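sequence and predicted model, in that order:
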Amino acid sequence: MKIRMLQGHNQPPEAAHINVVIDVIRAFTVAHHAFLRGAQGIIPAATVDEALELKRLNPNFILAGEIKGLLIPGFELDNSPARLQEFDLQGKLLIQKTTNGVTAALNALNAEHVLVTGFSNARTTAEIIKDRWLRDEETTINIIASHPSGDDDLACAEYIADLLQRSDCVTPEATIQRIRASEAAKKFYDNGQPEFLEEDLSLCTQEVPSDFVMKVNIRNGMPLIEKVKAGSIHAHVR
Ligand SMILES: O=C(O)[C@H](CS(=O)(=O)O)OP(=O)(O)O
Ligand SMILES: [Mg+2]
């Protein structure tokens, strides 16, 4: 296995068998919790206009995301995993537009398998990659920390790389510490910015055991993030 560690959301990575796109604070923590709450799929949108147009055509879809961390006018959900807990998402399709995670995922579609995750599903994602897709030492994996400079996604990327390599050097505790100390985490401790909930940070640093990865598949020519269970991955390959 050859692992490349990358950081940022704007550059398409060099081609690989597997791209793993990380956004801990908060896009793919939101995505994981949306699936845990029954969401059927998530359409990543490159722009607010594209997201609003999709909503116009599909009024049942739910708009989620942020600009500068805040609710986008006309959207139902912001980018808070805590506020998401109040919504019934059973069978729903979400449209997600965020600064780092969603942009990075849309720029990383050039692999056989494209996965997204935050810390909450990092271990499961690594385990399923190991079980299903690590064919031989020639398998190439890009692990993309979507925040261009912050340490939250990089810490999670290193945690996943460690799990894939079975090196046992990076603990979940050390990873959580780095996420909590990252630049992106600061606003969640700031009493002057009450719109950023400290509970979000708790959810972003909590591993939630689940039996699925979040995989970006192309459906009708469009990317769709789907919940793919460990045993059913071969039925969902792109
Ligand atoms: O809302 C978020 O958590 C971030 C925006 S910011 O960098 O924290 O302002 O977006 P994301 O794409 O989830 O990193
Ligand atoms: Mg982020």
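Perfect, thanks for sending it. Ligands and ions are numbered 1, 2, ... in the order given.

count the neighbours of the nearest residue to residue 99 once chain neighbours are set aside for me.
Nearest residue to residue 99, sequence neighbours excluded (C-beta to C-beta, 6 or more residues apart in numbering): residue 66, at 6.8 Å. For every residue, glycine as well, the C-beta is placed using N, CA and C. Neighbour count of residue 66, defined by other C-beta atoms under 10 Å: 22.

quick check: phi and psi at residue 66.
Phi and psi for residue 66, reported as degrees, to the nearest 10, are phi -150, psi 160.

right, and it touches residue 73 too?
No - applying C-beta atoms under 8 Å, one finds residue 66 not in contact with residue 73, separated by 11.5 Å.

how about the helices in the protein?
27-36, 48-57, 81-84, 101-106, 122-132, 151-165, 172-180, 198-204 (DSSP state H).

closest to residue 216 out of these?
Closest approach to residue 216 among these (C-beta to C-beta): helix 101-106, 6.0 Å.

can you tell if that closest one touches ligand 1?
Yes - Helix 101-106 is in contact with ligand 1 by C-beta under 6 Å from any ligand atom, via residue 101.

that helix near ligand 2 anywhere?
No - under the criterion of C-beta under 5 Å from the ion, ligand 2 is not reached by helix 101-106; the shortest gap measures 5.6 Å.

which residues of this structure lie near ligand 1?
23, 25-27, 66, 68-69, 79, 98-101, 147, 184.

in a markdown table, list those along with pLDDT.
Converted to a markdown table, those look like this (pLDDT from 0 to 100):
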| residue | pLDDT |
| --- | --- |
| 23 | 98 |
| 25 | 98 |
| 26 | 98 |
| 27 | 98 |
| 66 | 98 |
| 68 | 97 |
| 69 | 98 |
| 79 | 98 |
| 98 | 98 |
| 99 | 98 |
| 100 | 98 |
| 101 | 98 |
| 147 | 98 |
| 184 | 96 |
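
biggest separation within the residues you listed, which pair?
23 and 68 (15.5 Å).

between these two, which is the more surrounded one?
When residue 23 and residue 68 are compared for neighbours, residue 23 comes out ahead with 33 against 6, by other C-beta under 10 Å.

tell me how far that one lies from ligand 2.
4 Å (C-beta to the ion, to the nearest Å).
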